[in-house]
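# How does the following fold in three dimensions:
(one chain, ligands or ions: 1)
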Amino acid sequence: MSFQLKGKVVFFATNNINKFNEARKVLGSYKIAVGMLRVKNLEIQSESLEEIAKTSVIHAFQQCRLPVIVEDAGLFIEALNGFPGPYASYVYKTIGNEGLLKLMKGVTNRKACFQSVVAYFSEELDTPVCFDGEASGEITEDVRKGCSGFGFDPIFKPYGSEKTFAEMSIDEKNKYSHRAKAFRKFAKWYKGFKG
Ligand code: IMP
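Okay, here's the model as predicted:
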């Protein structure tokens with residue numbers, strides 16, 4: 001089964017269905033089929049998203065032996081000297097959106113950016129290939145939940161929009177998002193790679 005799928009489908013190793021749905025929409029527009037793969041995630045501690053993504057994708061490949069993608073993202077807030085950066089997942093789990101807004105209370109510089117690194121590895125490659133994307137914007141004053149999104153989406157408003165990521169549909173978020181930009185770069189490369 002896995003042998004037949006090789007070369008036709010890429011697999012996105014993630015436990016986050018929101019990330020998967022965002023990626024699937026981007027890859028679909030390039031006619032690239034993607035499957036969601038739940039593998040045991042290895043996320044090393046590093047200040048470099050690329051290093052984290054590269055290590056994780058090799059670990060994922062060792063488990064599935066399929067063409068596999070891993071994506072790692074971080075939120076960098078200017079007034080907090082880039083905090084939480086690559087530690088966004090831990091910060092989200094511990095203090096969440098309300099906690100971050102407390103840290104930002106009275107802070108007028110609300111500039112922030114999301115960064116994403118997509119790493120791909122398959123048996124044809126010697127080392128993983130990486131693609132990055134960035135979304136610049138602002139941390140809102142309040143939590144603005146819409147009907148979609150995850151993580152810090154309710155407190156991040158990209159430049160050029162009045163809505164937070166959480167108030168957008170997937171297609172709208174993909175116009176601005178760090179992840180969509182990184183996946184578009186991957187898709188263009190993959191089209192050339194697979195011919
Ligand atoms: P991860 O390590 O790539 O899963 O991302 C770290 C954390 O950043 C996640 O747990 C989310 O809370 C947050 N995050 C990553 N990407 C996004 C996004 O697109 N929107 C909102 N939060 C995100």
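# and the chain, which of its residues are near the ligand?
Applying C-beta under 6 Å from any ligand atom, one finds that the chain approaches the ligand through 72-73, 75, 88-89, 92, 114, 150-153, 165, 177, 179. All C-beta atoms are positioned from the backbone trio N, CA, C, and that covers glycine.
# now, which of those lie within helices?
Taking DSSP state H as the definition of helices, the residues of the chain next to the ligand contribute 88-89, 92, 179.
# Skip the chain neighbours and tell me the closest residue to the residue in the chain positioned nearest to the ligand.
For the chain, the residue closest to the ligand is residue 151, as judged by C-beta to the nearest ligand atom, at 2.6 Å. Sequence neighbours aside, residue 92 is the residue nearest to residue 151 in space, at 5.5 Å (criterion: C-beta to C-beta, 6 or more residues apart in numbering).
# which residues sit in contact with the one you found?
Neighbouring residues of residue 92 by C-beta atoms under 8 Å, 6 or more residues apart in numbering: 84, 151-152.
# beta partners for the spatially closest residue to residue 12 that is not a sequence neighbour?
Using C-beta to C-beta, 6+ apart and skipping the chain neighbours, the partner closest in space to residue 12 is residue 69 (4.8 Å). With DSSP bridges as the criterion, residue 69 is bridged to residue 12, residue 120.
# What's the per-residue pLDDT of residue 69 here?
Residue 69 is assigned a predicted lDDT (pLDDT) of 98.
# Please give me every residue in contact with it.
Counting by C-beta under 8 Å, 6+ apart, residue 69 touches 10-13, 23, 34, 57, 118-120, 186.
# how would you label the residue of the chain most remote from its centre: helix, strand or coil?
The C-alpha centroid of the chain is most remote from residue 106, which lies 29.1 Å away (C-alpha atoms, centre = their mean). Look at residue 106: counting by DSSP: H, G, I helix; E, B strand; the rest coil, its state is coil.
# Need phi/psi at it.
Main-chain torsions, residue 106, degrees, to the nearest 10: phi 80, psi 0.
# Residue 49 too?
Taking degrees, to the nearest 10 as the convention, residue 49 sits at phi -60, psi -40.
# swap in the one 5 residues further on?
Per-residue torsions, residue 54: phi -60, psi -40 (degrees, to the nearest 10).
# pretty sure it is in contact with residue 131, am I right?
No. Applying C-beta atoms under 8 Å as the test, residue 54 and residue 131 come out as separate, 11.8 Å apart.
# From start to finish, how long is stretch 135-144 in a straight line?
18 Å (C-alpha to C-alpha, to the nearest Å).
# Now for residue 138, how many residues are close by?
For residue 138, the tally of surrounding residues (other C-beta atoms under 10 Å) stands at 18.
# quick one: buried residues of stretch 129-148?
When burial is assessed from 16 or more other C-beta atoms under 10 Å, stretch 129-148 yields the following buried residues: 129-133, 135-140, 143-144, 146, 148.
# likewise stretch 163-171?
Buried residues in stretch 163-171, counted by 16+ other C-beta under 10 Å: 164-168, 170.
# Save the residues you listed as a markdown table, and put in distance to residue 45 and pLDDT too.
Listed next are those as a markdown table, based on distance: C-beta to C-beta, whole Å; pLDDT from 0 to 100:
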| residue | distance to residue 45 | pLDDT |
| --- | --- | --- |
| 164 | 29 | 98 |
| 165 | 26 | 98 |
| 166 | 28 | 97 |
| 167 | 33 | 97 |
| 168 | 31 | 97 |
| 170 | 30 | 97 |
